[in-house]
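In: Need the 3D shape of this:
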Amino acid sequence: MQLAKRLQTIFAINPQSWALEFEGHRWSWEELSGVALTIAAALRAAGLKEHDVVGWAAQNVPSSVASLTGLVLSGHCACVLNPHMAPQVLADEIRTQRFPLIIGDPQFWAIPGVVEAARASGSAGIVASWSDLTTSIEPYPGLEFVGPESHRDPMPGFVIERVSSGTTGPPKRTPQREEAVLASLSLGQRKEAGVDEGPPRLSQSPALVIRPLAHSGSFAVLLALYSGRPISLHEKFDIERTVDAIGRYRPKVLSLVPAMIRMIWDAQVPPELLSSLIAIRTGTAPLDSDLQQAFEDKYGVPILCDYGATEFGGVAGWSLADHKRYSREKRGSAGRPIVGAQIRVMDPVTGEQILDGSVGLLEVQVDKKTTGWVGTNDLARIDEDGFLFIHGRADDAIVRGGFKVLPEEVANVLRRFPGVEDAAVVGVPDARLGHVPVAVIELRDGERVPDEGAVKAFAREHLTPYQVPVAVKFVDKLPRTVSMKIIRSELLALAMN
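Out: Numbers count the residues shown, from 1 in each chain. Okay, the predicted model is just below:
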């Protein structure tokens with residue numbers, strides 16, 4: 001496999017230089033490749049066959065990075081298992097997927113129901129532990145070998161199978177072929193380095209991997225390995241540790257979700273601590289336009305929003321050149337299509353393509369990742385300059401007595417109310433109108449709960465009457481996944497309480 005050969009080349013350039021950092025401890029490229037090869041040998045010893053798939057527990061710990069590396073080197077597809085799922089959901093996923101082998105750290109194997117589900121599926125189990133004190137790659141007792149049960153078919157030519165966050169329904173799995181992964185990594189390296197790709201070489205500037213490996217963090221790890229870039233791995237987003245890492249390593253580009261950007265803003269981080277950054281890339285959820293403008297004005301760092309999905313990867317995004325020219329007039333856009341991607345908006349009633357900039361359903365086509373056009377549930381419009389604007393999901397739209405309410409439009413207004421940290425809107429059943437909007441608001445720390453009538457009055461000043469929420473609920477924290485997306489099912493439960 002080309003990716004495996006490239007990693008082997010990277011590992012041999014300067015084996016003693018550091019490759020991975022976690023909680024103050026560093027490991028070299030030689031140590032990373034050594035643990036990865038030990039993992040590859042453990043896969044063979046467990047009876048794994050060529051190109052068999054492996055359930056990979058994607059936790060933000062060093063052993064998960066080594067496990068992913070070992071799977072790439074040995075030609076096995078890493079099928080993401082999200083250890084942050086509810087235990088019963090995770091156990092059901094293991095039973096459904098029927099992996100011949102599962103690899104995870106000790107914390108993963110301690111999750112209730114995981115061992116029982118693996119045993120019921122006939123899966124072999126490997127416990128991978130790697131810290132500054134010990135390295136242990138051992139079979140889980142009683143799960144030493146692949147069982148005789150029927151398992152998933154081998155997947156030659158595939159590198160990773162991503163899994164959606166499951167915020168709007170059951171998680172969806174999307175396997176990615178090596179040619180598609182290589183294309184994305186090559187594009188990602190050019191965007192990060194700002195130069196055309198050359199022969200493999202090591203970089204002195206580390207990649208700060210803060211996002212969960214179960215989601216976009218896995219791509220960040222692969223991109224760092226592909227680019228010969230050391231990895232500063234963070235178990236989770238923490239203001240002090242993140243700012244400290246930025247100060248020590250002076251990165252030029254940082255990848256953060258919108259909730260992380262808001263946390264930096266609320267923490268009033270001094271601008272000089274972010275002075276090395278030339279851009280912040282963000283996605284996965286909408287970024288409030290007012291927050292983006294205020295952040296850029298204070299820190300002088302362009303925020304480059306993008307759009308993509310687990311099913312087809314990145315589709316659109318902002319470049320620094322576009323930001324310099326269009327940042328004011330195109331505020332709120334997800335940018336323009338990236339190389340190899342095409343987008344169009346379709347009328348959901350007539351099925352015809354919309355060409356006048358009106359809102360419709362987005363369809364995408366991405367080289368090496370989709371077969372023809374793929375429909376989405378995202379409501380979108382494309383302006384005269386090709387910029388994509390997302391207006392929420394069609395399945396989230398609230399039809400109130402025949403009028404369509406887009407939750408994100410309402411939430412954007414409520415976020416401007418004094419003391420509001422974040423807001424989300426969901427439709428609840430109504431006997432007369434079908435569904436009506438209810439707002440759930442997270443207040444900033446130390447803020448008193450405002451009068452509900454005052455919030456509604458503010459909404460009436462900025463929205464049409466049918467968009468105004470019928471009720472407002474206040475919570476300490478909005479329900480989020482580990483990647484900080486809103487969990488719609490839990491939001492609805494809060495709204496109906």
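In: any idea how the chain splits into domains?
Out: 2-180, 397-496 (automatic domain parsing).
In: Comparing those by mean pLDDT, which bottoms out?
Out: When the domains of the chain are ranked by mean pLDDT, domain 397-496 comes last with a mean of 91.
In: ok so, going back, so which of the domains of the chain is nearest residue 214?
Out: Nearest to residue 214 among those is domain 2-180 (4.1 Å), distances taken as Cβ to Cβ. C-betas here are computed from N, CA, C, even on glycine.
In: would a markdown table of the domains of the chain with mean neighbour count and distance to residue 324 be doable?
Out: Shown next, in a markdown table, are those (neighbours: other Cβ atoms under 10 Å; distance: least, Cβ to Cβ, whole Å):
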| stretch | mean neighbour count | distance to residue 324 |
| --- | --- | --- |
| domain 2-180 | 19 | 31 |
| domain 397-496 | 17 | 25 |
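In: Between the ones you listed, which one is closest to residue 346.
Out: Nearest of the domains of the chain (Cβ to Cβ): domain 397-496, 15.6 Å.
In: quick one, what contacts the residue in the chain sticking out farthest from the centre?
Out: Most distant from the centre of the chain: residue 432, at 38.6 Å, with distances by Cα atoms, centre = their mean. Listed by Cβ atoms under 8 Å, 6 or more residues apart in numbering, the contact partners of residue 432 are residue 401.
In: mind running it again at 7 Å?
Out: With contacts defined as Cβ atoms under 7 Å, 6 or more residues apart in numbering, residue 432 has no neighbours.
In: Need the three-state assignment for it.
Out: coil (DSSP: H, G, I helix; E, B strand; the rest coil).
In: Please report how far it lies from residue 401.
Out: 8 Å (Cβ to Cβ, to the nearest Å).
In: Repeat that for residue 491.
Out: 22 Å.
In: Residue 252 reaches residue 276, doesn't it?
Out: Yes: Residue 252 is within contact range of residue 276, at 6.5 Å (criterion: Cβ atoms under 7 Å).
In: okay, those two: which has more neighbours?
Out: residue 276 (16 against 12; other Cβ atoms under 10 Å).
In: Tell me, how many residues neighbour the residue lying closest to the more buried one once chain neighbours are set aside?
Out: Leaving aside its sequence neighbours, residue 276 sits nearest to residue 250 (Cβ to Cβ, 6 or more residues apart in numbering; 3.8 Å). Neighbour count of residue 250, defined by other Cβ under 10 Å: 11.
In: how far away is residue 250 from residue 127?
Out: Separation of residue 250 from residue 127 (Cβ to Cβ) stands at 37 Å.
In: Ok, residue 176 next?
Out: Separation of residue 176 from residue 127 (Cβ to Cβ): 27 Å.
In: again, but for residue 383
Out: In terms of Cβ to Cβ, residue 383 sits 52 Å off from residue 127.
In: swap in residue 459?
Out: 52 Å.
In: Double-check residue 138 against residue 127; I have them as touching.
Out: Yes: counting by Cβ under 7 Å, residue 138 does reach residue 127; the two are 5.4 Å apart.
In: In contact with residue 151, which residues?
Out: Here residue 151 is in contact with 98, 99, 100, 122 (criterion: Cβ under 7 Å, 6+ apart).
In: would you turn the residues you listed into CSV with secondary structure?
Out: Formatted as CSV, those follow (three-state DSSP):
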residue, secondary structure
98, coil
99, coil
100, coil
122, coil
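In: which of those residues sit farthest apart?
Out: Of all pairs in the contacts of residue 151, the most separated under Cβ to Cβ is 99 and 122 at 9.3 Å.
In: Perfect, I'm done here.
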